[in-house]
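Asks: predicted structure and sequence below. I'll ask about it afterward.
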Amino acid sequence: MEVLLFGIAKDIVGKSLLRLDTSENLPTSVKELKQTLVSSFPQFGKLSSLAVAVNSEYAEDDVSLKQGDEIAIIPPVSGG
Amino acid sequence: MEVLLFGIAKDIVGKSLLRLDTSENLPTSVKELKQTLVSSFPQFGKLSSLAVAVNSEYAEDDVSLKQGDEIAIIPPVSGG
Amino acid sequence: MKKAIVEIVDVIDTGQVYQELSHPKSGGICVFVGAVREFTQGEEVVSLEFEAYRTMALKEMEKIAMHASDQWQLNAVVVRHAVGPKEIEEPVVVVGASAPHRDACFTACRYLIDTLKERVPIWKKEFFKNKSVWVSAHP
Amino acid sequence: MKKAIVEIVDVIDTGQVYQELSHPKSGGICVFVGAVREFTQGEEVVSLEFEAYRTMALKEMEKIAMHASDQWQLNAVVVRHAVGPKEIEEPVVVVGASAPHRDACFTACRYLIDTLKERVPIWKKEFFKNKSVWVSAHP
């Protein structure tokens, strides 16, 4: 499972693409993905907000993650 | 006494400068000027509003008119 | 420091207004352009013309610009109106406000156009096939 | 008939937006330009950069443009954001709405920029002499 990282998320993880190892328990929902991230990288817990996009749409916590989904971490946006 | 005319005021009077004859009683205030106009050209009474400017500032009815003032009739504006 | 551009012109160049409003302390610039609209109901307007009492119009436009500049602490303000014959889609007025934040520039820009329409001695005449009308003259 | 321009670009040309929003049925065009503001308090920003999740950002910008277009019956709408390194006074975003009357174009334009700032996945990084900060990242 690959997760795209932008903005401060990229700085926290230290790269723009995070590969979650299939030998571990992969997150099956947006909620689980967030929990995985925060436990691996506690700095995610300190952000103003933490959103996830699945197939380039904002995804609520209960959205499930499927093979082939484009998954991205959306830290607090600051465009405009 | 000369009065500048713009927009529909110019069409009503038929010219852009109205000379009030000094042989008649000249209006001494904005109010009197409006009365003179409406009695000479009743169409002024049918406008949505009728304002007067003295020295290129809006002037209330009680403002007096003096020799040398630049006087203008301001029919309803429609700029913008 | 404050920059106010107040003008009555024959033709409005909408491309220049951003440069006029650009300012190192401005995070937001709001611009309104009023244009001649095609008539979709009633008789067709053949042509259209704006007339101004130039001295007074400039004075009133200046007052509006200065008031907005003070009220919303603008870094730059533009109030420009066109006169003479105009075609459909042609810009007839452009107002703009440049401020540190967007709230101020939106509110100021709206004030500029609303107050201009209320107070500035400029008149619009619409020419139809068989008649002409001074807009807003009659109730 | 409706015209929507949604783009992510390297450099914003503010001169083109009025042409894009001009429409025979439009009496009012409202444009907001967001620019890089000089810092006047605290540390001086040396440089500044915008990063976008391009696919998603364009989708969100498109949704915002379409919603505004439907809601306020716009004749044309522009939502354009810049990415990459930016200098002070440089425009970073331009949004605009073109409508028959001015109420609609002002309200729509305000909606465009407010919603863009809330939802569109674009991030601003400010570089200071000794550190860099992703804006809004922390409470």
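Replies: That came in fine, so what should we check first? For clarity, every value in this text was computed on a predicted model and none was experimentally measured.

Asks: across the sheet, point out what pairs with the residue nearest the centre of chain A.
Replies: Geometric centre of chain A, nearest residue: residue A:73, 3.6 Å, by CA atoms, centre = their mean. Per DSSP bridges, the residues bridged to residue A:73 are residue A:5, residue A:52.

Asks: which residues does it contact?
Replies: Contacts for residue A:73 (CB atoms under 8 Å, 6 or more residues apart in numbering or on different chains) come out as A:3, A:4, A:5, A:6, A:9, A:18, A:37, A:44, A:50, A:51, A:52. Where C-beta positions appear, they are placed from N, C-alpha and C, glycine not excepted.

Asks: try residue A:32
Replies: Contacts of residue A:32 (CB under 8 Å, 6+ apart): residue A:65.

Asks: now it: which helix or strand?
Replies: helix A:30-40 (DSSP states H and E).

Asks: and the closest residue in space to residue A:11 that isn't next to it in sequence, how far is that from chain C?
Replies: Once flanking residues are discounted, residue A:11 sits nearest to residue D:134: 7.1 Å by CB to CB, 6 or more residues apart in numbering or on different chains. Spatial separation of residue D:134 from chain C under the definition CB to the nearest CB, to the nearest Å is 18 Å.

Asks: and residue D:134, what does it touch?
Replies: A:7, A:8, A:11, A:75, A:76, A:78, D:123, D:124, D:125.

Asks: okay, now the unreliable bits of chain C?
Replies: C:1-2, C:39-42 (pLDDT under 70).

Asks: all the strands of it, residue numbers only.
Replies: Assigned by DSSP state E, the strands in chain C fall at C:3-9, C:28-35, C:47-52, C:76-82, C:84-86, C:91-99, C:122-127, C:132-134.

Asks: out of these, nearest to residue C:108?
Replies: strand C:91-99 (3.7 Å; CB to CB).

Asks: return the residues of chain C in contact with chain D.
Replies: C:14-16, C:18-19, C:21-38, C:40, C:88-89, C:91, C:100, C:102, C:105-106, C:109-110, C:113 (CB under 8 Å from any CB of the partner chain).

Asks: can you tell me how far the residue of chain A found nearest chain B is from residue C:117?
Replies: Nearest residue of chain A to chain B (CB to the nearest CB) works out as residue A:80 at 28.6 Å. Between residue A:80 and residue C:117 the computed distance is 29 Å (CB to CB, to the nearest Å).

Asks: which residue is nearest the middle of chain C?
Replies: Among the residues of chain C, the one closest to the centroid is residue C:93, at 3.2 Å (CA atoms, centre = their mean).

Asks: coming back round to it: what's around the residue lying closest to the residue of chain A closest to chain B once chain neighbours are set aside, how many residues?
Replies: Of all residues not flanking residue A:80 in the chain, residue D:117 sits nearest, at 3.9 Å (CB to CB, 6+ apart). Neighbour count for residue D:117, taken as other CB atoms under 10 Å in any protein chain shown: 17.

Asks: got it, and residue C:73?
Replies: Residue C:73 sits with 14 neighbouring residues when counted by other CB under 10 Å.

Asks: what residues are up against it?
Replies: Contacts of residue C:73 (CB under 8 Å, 6+ apart): C:99, C:100, C:104.

Asks: and chain A, which of those residues contact it?
Replies: Counting by CB under 8 Å from any CB, no member of the contacts of residue C:73 is near chain A.

Asks: between those, which sits nearest residue B:28?
Replies: When the contacts of residue C:73 are compared against residue B:28 (criterion: CB to CB), the nearest one is residue C:104, at 45.4 Å.

Asks: separation between the closest one and chain A?
Replies: From residue C:104 to chain A the distance is 16 Å (CB to the nearest CB).

Asks: show me the contacts for the nearest residue to that residue once chain neighbours are set aside.
Replies: Sequence neighbours aside, residue C:72 is the residue nearest to residue C:104 in space, at 4.2 Å (criterion: CB to CB, 6+ apart). Residue C:72 sits next to C:97, C:99, C:104, C:105, C:107, C:108, C:111 when contact means CB under 8 Å, 6+ apart.

Asks: now for those residues, which pair is the farthest apart?
Replies: Maximum distance among the contacts of residue C:72 (CB to CB): 12.1 Å, for C:99 and C:111.

Asks: so which of the two has more stuff around it?
Replies: Between residue C:99 and residue C:111, counting by other CB under 10 Å, residue C:99 is the more crowded of the two (29 against 17).

Asks: my guess is that one contacts residue C:71. True?
Replies: No. Counting by CB atoms under 8 Å, residue C:99 does not reach residue C:71; the two are 10.7 Å apart.

Asks: shared neighbours, these two?
Replies: What both residue C:99 and residue C:71 touch, as defined by CB under 8 Å, 6+ apart, is the set residue C:108.

Asks: ok, and the most crowded of the contacts of residue D:134?
Replies: Using other CB under 10 Å as the neighbour test, these are led by residue A:7, with 27 neighbours.

Asks: now do the contacts for that residue.
Replies: By CB under 8 Å, 6+ apart, the neighbours of residue A:7 are A:75, A:76, A:77, A:78, D:51, D:123, D:125, D:134, D:137.

Asks: change it to 10 Å
Replies: By CB atoms under 10 Å, 6 or more residues apart in numbering or on different chains, the residues touching residue A:7 are A:47, A:73-78, D:50-53, D:121-125, D:134-137.

Asks: how about the one residue in chain A that gets nearest to chain C, secondary structure?
Replies: Per CB to the nearest CB, residue A:80 is where chain A lies closest to chain C, at 8.5 Å. At residue A:80 the chain is in coil, as set by DSSP: H, G, I helix; E, B strand; the rest coil.

Asks: now residue A:69: closest residue in space, sequence neighbours ignored.
Replies: Nearest to residue A:69 is residue A:54, by CB to CB, 6+ apart, at 5.2 Å.

Asks: and residue C:45, how far from residue C:111?
Replies: Residue C:45 is 29 Å from residue C:111, by CB to CB.

Asks: do the same with residue C:4
Replies: Distance from residue C:4 to residue C:111, by CB to CB: 14 Å.

Asks: same question, residue C:12
Replies: 20 Å.

Asks: check residue C:52 too.
Replies: Residue C:52 is 21 Å from residue C:111, by CB to CB.

Asks: and if you look at residue A:6?
Replies: Here the distance between residue A:6 and residue C:111 works out to 39 Å (CB to CB).

Asks: what is the burial count for the closest residue to residue C:112 other than its chain neighbours?
Replies: Closest residue in space to residue C:112, ignoring its immediate chain neighbours: residue C:95 at 3.9 Å, by CB to CB, 6+ apart. Neighbour count of residue C:95, defined by other CB under 10 Å: 29.

Asks: residue C:95 touches residue C:29, doesn't it?
Replies: No. Using CB atoms under 10 Å, residue C:95 makes no contact with residue C:29, being 11.7 Å away.

Asks: all set now, cheers.
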